[in-house]
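A.B. asks: this one's structure only:
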């Protein structure tokens, strides 16, 4: 588990199965029949319909196998499905799990759903902090600091005096707010003017429409597009291409392979801020097991980031390939 792999908070329009379960067993010495662990950990992610959350799920399942516990991973069809996620949280608690890990689409809504679990079982946040009093730990990245790194990289490429727009995520989402804050801080520090900031709804199609609106509002003025996730970056790129624009610095967030492929191909997506979703999933399950066993768990478990560009993109893809086996 020393993989420094990378790739929030993104989703696309397609829905996938809502559940994925890994019932891990351990073999007795001498080849006896496998026995299933009595430890049951539930993980409720923002969605299972994106590349990024697939990496988090893979990390959770890898930890389940390594630690000999049962892990159930569920998530709604899209990050906008707040009520569906709340229902999933309540269902997992009602089923009697020994610990629950949540990546909230709406922190306030998740807090209400998790209230009955606080003090009874370990409650953990992954990628996005639920922020409920009494939770065991938060495993994730400082979205403000990470976005600032991406914004500073873009500013360096464009030069002082350039203009930027920000396409943020779901309205009211805490992760989106923090990434926007980080991008704005980078622009202020680097002397970049932020012309506007609009929601792209966390989707490629939504970001395409938003970028079309921005191009119409600010013709020939935009140099940099700072995006909530890689799906958003691809949507912005599509809008630019449709408008006949081929010179734009677009920065994504998540480190998805689809974005890195575009970076290496010389497209307008020039960089992506890459987290470590696999590592976060693994560490969250590992922390849950420790908490169940009465061991001390840090209140915050930090996962570092890197800005993936044409210079380090292939190395990064090789890391993803190693993670996927």
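C.D. replies: Structure received. Source: prediction; values computed, not measured.
A.B. asks: ok, and for the helix or strand harbouring residue 231, which residues are buried?
C.D. replies: Using DSSP states H and E, residue 231 maps to helix 230-242. Buried positions in helix 230-242, judged by neighbour count with 16 or more other C-beta atoms under 10 Å: 230, 231, 232, 233, 234, 235, 236, 237, 238, 239, 240. C-beta coordinates here come from the backbone N, C-alpha and C atoms, glycine included.
A.B. asks: my read is that the second one contacts residue 204, right?
C.D. replies: Yes. Distance between residue 231 and residue 204: 4.7 Å, which falls inside the contact criterion (C-beta atoms under 8 Å).
A.B. asks: that older thread, now the element after the helix holding residue 231, going C-ward?
C.D. replies: Next in sequence after helix 230-242, counting helices and strands by DSSP H and E, comes strand 249-254.
A.B. asks: after that following strand, which helix or strand is next?
C.D. replies: Next helix or strand after strand 249-254 toward the C-terminus (DSSP H and E): helix 257-264.
A.B. asks: which elements pack onto that next one?
C.D. replies: On a contact count with 3 or more C-beta pairs under 8 Å, 6 or more residues apart in numbering; DSSP states H and E, helix 257-264 meets helix 230-242, strand 269-274, strand 306-308, helix 313-324.
A.B. asks: how about those, which one is nearest residue 183?
C.D. replies: strand 269-274 (9.9 Å; C-beta to C-beta).
A.B. asks: give the bridge partners for residue 164, please.
C.D. replies: residue 194, residue 224 (DSSP bridges).
A.B. asks: my guess is it contacts residue 194, does it?
C.D. replies: Yes. Counting by C-beta under 8 Å, residue 164 does reach residue 194; the two are 5.4 Å apart.
A.B. asks: overlap in contacts of the two?
C.D. replies: 183, 187 (C-beta atoms under 8 Å, 6 or more residues apart in numbering).
A.B. asks: compare these two (neighbour count), which wins?
C.D. replies: Neighbours per residue, other C-beta atoms under 10 Å: of residue 164 and residue 194, the larger number sits with residue 164, 26 against 18.
A.B. asks: before we move on, back to that, need the residues that contact the helix holding residue 231.
C.D. replies: When contacts are defined by C-beta under 8 Å, 6+ apart, helix 230-242 is touched by residues 10-12, 50-52, 167, 169, 200, 202-212, 215, 225, 227, 246, 248, 250-256, 258-259, 262, 267-269, 272.
A.B. asks: report the buried members of those.
C.D. replies: 10-12, 50-52, 167, 169, 200, 202-204, 206-208, 210-212, 215, 225, 227, 248, 250-256, 258-259, 262, 267-269, 272.
A.B. asks: circling back to that earlier point, need the buried residues of helix 230-242 in JSON lines with pLDDT and distance to residue 116, can you?
C.D. replies: Shown next, in JSON lines, are the buried residues of helix 230-242 (pLDDT from 0 to 100; distance: C-beta to C-beta, whole Å):
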{"residue": "230", "pLDDT": "96", "distance to residue 116": "35"}
{"residue": "231", "pLDDT": "95", "distance to residue 116": "34"}
{"residue": "232", "pLDDT": "97", "distance to residue 116": "35"}
{"residue": "233", "pLDDT": "98", "distance to residue 116": "39"}
{"residue": "234", "pLDDT": "98", "distance to residue 116": "40"}
{"residue": "235", "pLDDT": "98", "distance to residue 116": "39"}
{"residue": "236", "pLDDT": "98", "distance to residue 116": "41"}
{"residue": "237", "pLDDT": "98", "distance to residue 116": "44"}
{"residue": "238", "pLDDT": "98", "distance to residue 116": "44"}
{"residue": "239", "pLDDT": "98", "distance to residue 116": "44"}
{"residue": "240", "pLDDT": "98", "distance to residue 116": "48"}
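A.B. asks: export the residues you listed to TSV and append columns for distance to residue 98.
C.D. replies: Below are those laid out as TSV (distance: C-beta to C-beta, whole Å):
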residue	distance to residue 98
230	34
231	34
232	36
233	39
234	39
235	40
236	43
237	44
238	45
239	47
240	49
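A.B. asks: so, low pLDDT: which residues of the stretch 201-325 of the chain?
C.D. replies: Scanning the stretch 201-325 of the chain for pLDDT under 70 picks out 323-325.
A.B. asks: return the distance of residue 224 relative to residue 307.
C.D. replies: 14 Å (C-beta to C-beta, to the nearest Å).
A.B. asks: before we move on, the earlier item: with the buried residues of helix 230-242 in mind, which one is nearest to residue 179?
C.D. replies: residue 232 (10.2 Å).
A.B. asks: for the stretch 1-150 of the chain, what spans make up the helices?
C.D. replies: Listed in chain order, the helices of the stretch 1-150 of the chain (DSSP state H, counting those that start in this stretch) span 51-67, 82-94, 107-114, 143-158.
A.B. asks: how far off helix 230-242 does the first one point, in degrees?
C.D. replies: Orientation of helix 51-67 against helix 230-242 (axes from the mean of the first three to the mean of the last three C-alpha atoms, to 10 degrees) gives an angle of 150 degrees.
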